[in-house]
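Student: Below are the sequence and a predicted model for it; my questions follow.
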Amino acid sequence: MNSAIELLAPRYDIAWYPWAVQYFFMIALSYASLWLAAPALVAGRSAWLPTARLALLACLTTTLVAPVALLADLHQPLRFWHFYAYANGHSWMSVGSLLLPLYVVAVIVLTWLAWRPALQARRQAPGLSGLVARWASLGTSPTPRALPVLVGVIALALSTGIMLYTGAEVAIVKARPLWHTVWLPPMFVATGFIAAAGLLLVLNRASGLRDASVVGQLLKVMLVACLAAGLIAGSWFLDGINAHVGSVAAALESVRGSPEWRRTAQWGALTGALLFGAVLYLLTRPAARRPALYAWAWLLGLVALHVGWMFRWVVLMDVQTVARHSAGFHHYGIPAGSSGVLGIVGTFGLWLAAIMLIELFVPWRQARQGGSAADVPRESVRESSSDSSQEHAPEGASHHG
Amino acid sequence: MDPIRRSLLGQLARLSAGAAMVPLTSVARAGINQQPPRREGDPSKRYGMLIDLRQCIGCQACTVSCHIENAAPLGSFRTTVSQYEVAHQESGEVATFMLPRLCNHCENPACVPVCPVEATYQRQDGIVVVDSDRCVGCAYCVNACPYDARFINARTQTADKCTFCAHRLEAGLLPACVESCVGGARIIGDMRDPDSQISRMIEEYRDELMVLQPEKNTLPQVFYLGMDERFVTRPEAKPVALDVLDPHGKEMGYEFGH
């Protein structure tokens, strides 16, 4: 049999396009950053408030962009209403299509509740930002603290459903042995948290907040997520060499049969180990040296985003190039158009536009767990307080480190 | 690796995070991804196909006639015949193995329960079809089919697949591939009718028949006679046709790999 040659077989195109990667990436950033906003906005832990503000910004923007990418992956996007007209409870995708809008609404409401006091404080501002604040704050009544807690709990519950369905949707596909493993859904979640912590590190730097306590908290989240991902990957592999598990067997076969897969596996292992090592290194430095080192943590944030995105790319795109019924691997070159590069760039562009619009019109830096306009420090005060928080960065770091 | 070490490693894997995942999987198996009820079609019939590989000469008449009958876009196939060059391990003698492939109209089709809008469904006569007016083109079914039997039709932008030529069966005609098969290798019929040719052949060759990828538990209803069991799963073969790319990564054509 070793000498069998496949003379004739059709070429099978991939069925899910890079849009799927963008959706899985964005929605993972969304649910993971929601959980990073939860300690302050749901549980009322004020030490986590600066992280929560960044997390909420990340969560809302990715939650808005993710469904766009999902819709774009349909070959008949205008028929999206069929999901609701002909819902099929037997399909994980259908379950997801029912969960997703509820989740998006819950996130929007939670964000609005958290931003409302700051918007109310801006009602008198001149120009467009005052107009937006007056329109978006819907009156001057105070926001009860119980409301963000309640909506937050609902959003967290729905986000668990999103984690479950996005993972299960892929993991139940027996036809692709590499997907068909119970370890895939938790791995999506773990790498989602790695990427979300990375995104917040980058936002912490890019927004100019440069809060060292935020860096400390996010590095710890990343460490735990890296450990979880390592444990999951290890368990998957151990399970596979113990018994004949299709997923591991298929992975080993792919790695044996293809130099590209070998490189992918090496790159994944190397980047993961590097990220974990670097995070551990930063967290174990003496308190005095941390501020100088933490200023560079955003670079690790970029690595973490790379890990989260690449994992999804390899799982969703590369696995589709492993022939399942014929010999070898299918060639896939990323097309330049909307089903390829343009789609990838476009999704990130849309996300960037959402971030910039919010930065322009919404005082997201003053998000809080309910309250009224009077609870929000004046913006000029906020400027100086953020300056002082930079000066006191070492203190914050040692406190939370 | 020796068995004791193997089982120890396995225990470790289960101890780690495995325990937490077990209840989740049993919940997932309870209702979601089960087969929805079948609809339409004649419940008194169950269509199936038997392919007598001893009669197949790999002429691709079925591929061509199907393409014409069902107007599939160029490069996409509802049925096709894979061909393999197999060398005998000792003598080095070379032979060609033909493997006609099409939708298996499985008894437990993996493609049907995944459809989020029930656009693809199984008729009561066992034929799996797609309602292209309802299909949203999510391509979930394309990924779910282990047999590469489905594709997204570039013209309709919906899922497309073999229907056993249901429109021809209803008019009392044979499917295009069966009609055109020069060797009479493809036999289609009602497996609930004990006197049909397919029922008689299934009875006669019961022990010799094989289906593709039985381990996927899809219970295919296309049976192969004269099959080599090494081709039942993904064949361990070298692909011969390689893409030839220009410097920009654009496909220029194919060439033979040896």
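Tutor: That came through, no problem.
Student: quick one, helices of the stretch 101-250 of chain A?
Tutor: Taking DSSP state H, counting those that start in this stretch, the helices of the stretch 101-250 of chain A run over residues A:127-136, A:146-171, A:184-206, A:212-242, A:246-257.
Student: Please apply the same query to the stretch 151-258 of chain B.
Tutor: B:166-170, B:176-180, B:197-204.
Student: which strands and helices sit next to the longest one?
Tutor: It stands for helix B:197-204. Other elements packing on helix B:197-204 under the criterion 3 or more C-beta pairs under 8 Å, 6 or more residues apart in numbering or on different chains; DSSP states H and E are strand B:47-52, strand B:186-190. C-beta coordinates here come from the backbone N, C-alpha and C atoms, glycine included.
Student: Check which residues of that helix are buried.
Tutor: In terms of neighbour count (16 or more other C-beta atoms under 10 Å in any protein chain shown), helix B:197-204 has its buried residues at B:I198, B:S199, B:M201, B:I202.
Student: Kindly report the same for the first one.
Tutor: Applying a neighbour-count criterion of 16+ other C-beta under 10 Å, one finds B:A166, B:R168, B:L169 buried in helix B:166-170.
Student: remind me which residues of chain B are low pLDDT?
Tutor: For chain B, the stretches flagged by pLDDT under 70 are B:1-31, B:240-246, B:249-258.
Student: Tell me how far the residue of it found nearest chain A lies from A:P101.
Tutor: Nearest residue of chain B to chain A, counting by C-beta to the nearest C-beta: B:G137, 2.6 Å away. In this view, B:G137 and A:P101 are 20 Å apart by C-beta to C-beta, to the nearest Å.
Student: what does A:W261 give?
Tutor: According to C-beta to C-beta, A:W261 stands 37 Å off from A:P101.
Student: Could you do A:A196 as well?
Tutor: Using C-beta to C-beta, A:A196 is found at 22 Å from A:P101.
Student: out of those two, which sits in the busier spot?
Tutor: When neighbours are counted by other C-beta atoms under 10 Å in any protein chain shown, A:A196 and A:P101 differ, and A:A196 comes out ahead with 30 against 13.
Student: near chain B, which residues of the stretch 251-400 of chain A?
Tutor: The interface of the stretch 251-400 of chain A toward chain B, taken as C-beta under 8 Å from any C-beta of the partner chain, is made up of A:Q320, A:A323, A:R324, A:H325, A:S326, A:A327, A:G328, A:F329, A:H331, A:G333.
Student: let's see it at 10 Å
Tutor: Within reach of chain B by C-beta under 10 Å from any C-beta of the partner chain, the stretch 251-400 of chain A has these residues: A:253, A:257, A:316, A:319-320, A:322-331, A:333-336.
Student: Go ahead and build a ChimeraX selection from the buried members of these.
Tutor: Those of these that count as buried under 16+ other C-beta under 10 Å are selected in ChimeraX with:
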select /A:253,316,319,320,322,323,324,325,326,327,328,329,330
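Student: So which of the residues of the stretch 251-400 of chain A next to chain B belong to helices?
Tutor: Cross-referencing those against helices under DSSP state H gives A:E253, A:G257, A:L316.
Student: just checking, the first one touches A:R324?
Tutor: This means A:E253. No: judged on C-beta atoms under 10 Å, A:E253 makes no contact with A:R324 at a distance of 11.5 Å.
Student: Let me know the pLDDT of A:D318.
Tutor: Confidence at A:D318, expressed as pLDDT, is 88.
Student: Just the buried positions in stretch A:44-62, please.
Tutor: Residues of stretch A:44-62 classed as buried: A:48-62 (neighbour count, 16+ other C-beta under 10 Å).
Student: Next one: the residue of the stretch 151-300 of chain A found nearest chain B from A:A288, what distance?
Tutor: The stretch 151-300 of chain A approaches chain B most closely through A:N242 (3.1 Å), counting by C-beta to the nearest C-beta. Computed as C-beta to C-beta, the A:N242 to A:A288 distance reads 47 Å.
Student: Please say which of those two ends up with more neighbours.
Tutor: Per other C-beta under 10 Å, whichever of A:N242 and A:A288 has more neighbours is A:N242, with 21 against 10.
Student: Now for residue 115, how many residues are close by?
Tutor: Let's take chain A. 26.
Student: wrong one, chain B
Tutor: By other C-beta under 10 Å, 27 other residues sit near B:C115.
Student: thinking it is in contact with B:N143, fair?
Tutor: No: B:C115 sits out of contact with B:N143 when judged by C-beta under 10 Å, with a separation of 11.6 Å.
Student: what is in contact with those two at once?
Tutor: Counting by C-beta atoms under 10 Å, 6 or more residues apart in numbering or on different chains, no residue touches both B:C115 and B:N143.
Student: Name the nearest residue to A:F24, ignoring sequence neighbours.
Tutor: A:R312 (4.7 Å; C-beta to C-beta, 6 or more residues apart in numbering or on different chains).
Student: cool, and A:G340?
Tutor: In space, and not counting its chain neighbours, A:G340 is closest to A:I334: 4.4 Å by C-beta to C-beta, 6+ apart.
Student: Check what pLDDT that neighbour gets.
Tutor: Reported pLDDT for A:I334: 86.
Student: can you check A:R145 too?
Tutor: Note on A:R145: pLDDT of 89.
Student: residue contacts, it?
Tutor: Applying C-beta under 10 Å, 6+ apart to A:R145 gives the contacts A:L41, A:G44, A:L113, A:R368, A:Q369, A:G370, A:G371.
Student: Taking their axis directions, the strand or helix carrying A:L60 and helix A:212-242 sit at what angle?
Tutor: If you go by DSSP states H and E, A:L60 is part of helix A:49-73. With axes from the mean of the first three to the mean of the last three C-alpha atoms, to 10 degrees as the basis, helix A:49-73 and helix A:212-242 are set at 50 degrees to each other.
Student: which residues are in contact with the very next helix or strand once past helix A:49-73?
Tutor: Proceeding N to C from helix A:49-73, the next assigned helix or strand is helix A:82-85, under DSSP H and E. Identification of contacts with helix A:82-85 by C-beta under 10 Å, 6+ apart yields A:74, A:76, A:79, A:91, A:93-94, A:96-98, A:100-101, B:116-119, B:133-136, B:138.
Student: mean confidence score for the helix holding A:L60?
Tutor: 95.
Student: and it, anywhere near chain B?
Tutor: Yes: applying C-beta under 10 Å from any C-beta, one finds that helix A:49-73 is in contact with chain B at A:L70, A:L71, A:D73.
Student: Tell me how many other residues surround the nearest residue to A:A136 once chain neighbours are set aside.
Tutor: In space, A:A136 comes closest to A:L119 once its chain neighbours are excluded; the distance is 5.4 Å by C-beta to C-beta, 6+ apart. When neighbours are counted by other C-beta under 10 Å, A:L119 registers 26.
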